[in-house]
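A.B. asks: 3D, please:
(chains A and B)
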Amino acid sequence: MRLEPRAGERIDRSKPITFRFDGWQTTGFEGDTIASAAFAAGKRVFSRSFKYHRPRGLLCCSGHCPNCMMTVDGVPNVRTCVEPLRDGVDAKPQNVRGGLDFDLMSVTDKIGGPFTPAGFYYRTFIRPRAFWPLYEKFLRSAAGLGKLDPHAGHSRRYDTEHRKARLLVVGAGEAGQKAARVAAADGPGVVVVDEDARLAGLRLDGVEVLAPARALGIWEGGLVPVDAGTTLYRFRAEQIVVATGATEQPVVFSGNDLVGVMLPTGVRSLIRDFAIKPGERAVVMGADDDALAVADDLRDAGVEVVHELDLRASTPRDLVAEGRKGRVRAVHLDGHQIDCDLIVASGGRQPNYSLLAQAGARIEYARQLGVFVPTKLPAGVEAVGSVTGDGLAPIAPAPAYAGKGKCFVCVCEDVTTKDLKRAIGEGFDSIELAKRYTTATMGPCQGKLCHLGSIRYYAHETRLHETDIGTTTARPPWAPVELGLLAGRELTPTRRTSIHWRHEEAGATIQWAGPWKRPYAYSDKPEVEVRAVHESLGVIDVSTLGKLLVEGPEAVALLERLYPNRFGDMKPGRIRYGVLTSDGGRIMDDGTVARLADDLFYVTTTSTGADAVTAWFEWWNAVWGYEAEIVNVTGALAAVNLAGPQAREALGRLVEDPEDVSSEGFKYLDAKQLEVAGVPTLALRIGFVGELGYELHFPSPAGEHLWDALVGVGARPFGLEPQRILRLEKGHVIVGQDTDSESNLDSAAMAWLPKMDKDDFVGKYALEHFRQREEKERLVGFTMEEDVVPAEGAQIVIEGYPAGRITSARRSDAVGKVIGLAWVPTDRSEPGTRFEIRVDRQLRGARVTHGAFYDPTGGRMRS
Amino acid sequence: MSFFLSCPFCGPRPVDEFAFFGEVTNRPPGSPTLRELTDYVYFRDNVAGVQREWWQHRTGCGEWFLAERDTRTNEVLQIELPSPARKRA
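C.D. replies: Next comes the predicted model:
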């Protein structure tokens, strides 16, 4: 099928390439696209259409239409007409059951006529309701084009490059090149992008040429993302010149989607670029000299041109393409039958104004040309060449839209003139509504080949003028783009503490905790680690806690106003538990506040709240302007919690003078600077886990050293899960798990905390108003009557109705029961009240408790 | 949104470096009524036009500042550092 070698061909006949196409092994040459090689090897059907599963062949050969889309090496919806042929490539058809030449789903074309008009699914598959799961299963498998492999993972690496340009030219045609050359004379910074791979070798003095690369849109600030395959260039351009040209429009007639109906550009590309004879007997029709001149190319390639029709001179009353097995075999033209296997047809060219419309240009109908052109360009954006309508011939008058077969307006979505007519009849009389109802112009070509056609058919049918119909909104991206390219590389860093590798070495199960990787437990028996803390000594890495220094003469005033707590009466060296609320009175975060000096406070936050709390503090201080500085030292400091009855004795072995940590010298809620195993440490005597404990904060680089020292004096590492059990035994809440955006201090059982006699604090006035009404729900503890652990989020059922939810639940060996926290209606929140929880479809009894489950007086913690 | 915003310290930078904290609100002084408080906590003017709003150069220098921006065009008319009106009793 290849012609004799010809000047200008892109293929290198000395380099054959073997590949697979629809299961067949065949060969092409270097320089071929997948589609050109397959066409040369005799393949004519490349895909099956979206709805009717009609066979489709090459149409535009420019990467616009959906006809050549296949799954290439697992990547769906690849346009094989522009995808370079590579050795061993495997191109598989999509949207078929069976094969390209015999598709079981093509039955929808034969019998589907009355069943598949626009809106059919919406109207039909809603009754009877009970059948929906069945409908859905079928529709989901029938809908869409290519299939994504959900388990595929990253197939390629994508990068984003941030670039600047003084002048960015989109389109390297005649006008674009000229604009670039002129601008390059004024200095550097000129970049030209074009989607055509044939321009990859283009050299322009002083101009950077990127091809194939496609501008996806124009955003404010001169932002133009350019798709260059696996690199996304984010250009910021001072000036943008749009020279995107104009695209040939298919002629709408009966049978216009048959295999063998092509656009002149496509035919020319097959002949000139790939030396392929596109058919034997051709009919050519066009509305401008350029389109009609394709007849010369055809004759040159040895194709018999049996008829030439100048659509400017006459508009056929009757134009029907007749096919057999989906391929053109004849055309009926005003009563004459002309046998042929190729129809090359173009109705004229429509400017590619999409990028300009996105940038804010107005799109108007040019009466003389019969196409839509951009006007009123925004500042910083220019248009040159045929995209402005310059040099275009008037579009061909619409043919009769008649005939027994289907006239396709939109080949992507299989929308025919009948569908549009029906939509108009049903009252979708605005083009925007009709677009959504019929989905015309919403397919892979994004309207490049069907936008004008659908508006013109609309005008024909409603007898309105195109000017009054207007266009639909052009939105980015103007061409399909791989999601991987938009996502780019995964560049979110994983946060690990400075002690992390000790946990890995100890065989801990590591899990995600927000942005952090943390040990879940060091064996599959978290309860063993719990027991170690209760009976002897445990240590947990809590470096993930947010840590802030607040310093300055007015630091105390700032904190007093941020927190409901009071800190003014706190002596240096003391610690208080603090909760942050919003002005809406809702709980935001919690932690401890230690006063290190009169003007220096050390604040801890939850592990996930560090950044938000820092921003919150800084913002309020921008509003108030207290003389205080806030420094986030979360990453700079590591922290561990040493807890258990032996904690004092063990810590005493690591400090110079054991008296420093005696029960008299270092009391509960004291903060103290100590040297632990030679490391300068801020020690806080606080307890999240209900035993005697010390939270040690120290420079991150000493993490492993201090950890080793603590393990060396007998501390058993414990992970997050044992910590969750231990804190639940004490009834301590985890903000964000046991509280949500509705929780306030009263309802979350912390009514003792806010100091309402302060003049002001964030959330005070909301709390005052809350106190004038009854809270609907309260956070309480509960114990299960049976030994079952309800899921977190499980429903509380009272008298058959859902009435609350479980936020935490664990089995506690120390308590001897399953315990948890739950939100219950206020009138059910008294201790001892029984309620039921749905666990695995059964109702299980539970009773309300208040306070800690374990060591309710806190004697062990304070010992 | 891809406009440029000028940080008072770092100069014009792409807007994705900044965190938006909404329009400038007036925290009611004294003991507000429930209506005043609800208005302040939950209601926003959401103007189509020039709006005074809070921004932070989150991934840059971290500074909080105020901007006057036309919400229809994203044109930033003015930026300024806050001049805190301290309210202490």
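A.B. asks: give me the neighbour count for A:Leu753.
C.D. replies: 19 (other CB atoms under 10 Å in any protein chain shown). All C-beta spots, glycine's among them, are computed from the backbone N, C-alpha and C.
A.B. asks: from what I see, it and A:Arg566 are in contact.
C.D. replies: No. The pair A:Leu753 / A:Arg566 is not scored as a contact, 9.9 Å apart, by CB atoms under 8 Å.
A.B. asks: helices along chain B, start to end?
C.D. replies: For chain B, the helices defined by DSSP state H occupy B:34-42.
A.B. asks: contact residues of it facing chain A?
C.D. replies: B:1-4, B:14-15, B:19, B:21, B:27-28, B:31-32, B:34, B:37, B:40-42, B:54, B:56, B:58, B:62, B:64-65, B:74, B:82-84, B:86-89 (CB under 8 Å from any CB of the partner chain).
A.B. asks: contacting residues for the closest residue to chain A within chain B?
C.D. replies: Closest contact between chain B and chain A, by CB to the nearest CB, is at B:Pro84 (2.8 Å). By CB atoms under 8 Å, 6 or more residues apart in numbering or on different chains, the contact list for B:Pro84 reads A:621-625.
A.B. asks: let's see 10 Å
C.D. replies: Contacts of B:Pro84 were listed using CB atoms under 10 Å, 6 or more residues apart in numbering or on different chains, and they are A:620-626.
A.B. asks: can you give me the domain assignment for chain A?
C.D. replies: Following automatic domain parsing, chain A resolves into domains at A:1-153, A:250-347, A:500-543+A:636-726, A:546-632, A:774-863.
A.B. asks: for these, which one sits closest to chain B?
C.D. replies: Taking the domains of chain A one by one with CB to the nearest CB, domain A:546-632 is closest: 2.8 Å.
A.B. asks: still on that earlier bit, filter the residues of chain B next to chain A down to the buried ones, PyMOL style.
C.D. replies: Entered in PyMOL, the line below selects the buried ones among those, by 16 or more other CB atoms under 10 Å in any protein chain shown:
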select buried, chain B and resi 2+3+4+14+15+21+27+28+32+37+40+41+54+56+58+62+64+65+82
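A.B. asks: before we move on, back to that, now, the contacts of B:Pro84 that are in helices?
C.D. replies: A:620-624.
A.B. asks: would you list those in TSV and tack on neighbour count, distance to chain B and pLDDT?
C.D. replies: Below are these laid out as TSV (neighbours: other CB atoms under 10 Å in any protein chain shown; distance: CB to the nearest CB, whole Å; pLDDT from 0 to 100):
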residue	neighbour count	distance to chain B	pLDDT
A:Trp620	18	10	95
A:Asn621	23	8	94
A:Ala622	19	4	93
A:Val623	18	6	92
A:Trp624	20	5	91
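A.B. asks: dump those into a markdown table; add distance to A:Gly42 as well.
C.D. replies: Below are the ones in helices among the contacts of B:Pro84 laid out as a markdown table (distance: CB to CB, whole Å):
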| residue | distance to A:Gly42 |
| --- | --- |
| A:Trp620 | 74 |
| A:Asn621 | 75 |
| A:Ala622 | 72 |
| A:Val623 | 75 |
| A:Trp624 | 79 |
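A.B. asks: where along chain B do the strands fall?
C.D. replies: For chain B, the strands defined by DSSP state E cover B:4-7, B:11-14, B:19-23, B:50-56, B:64-70, B:75-80.
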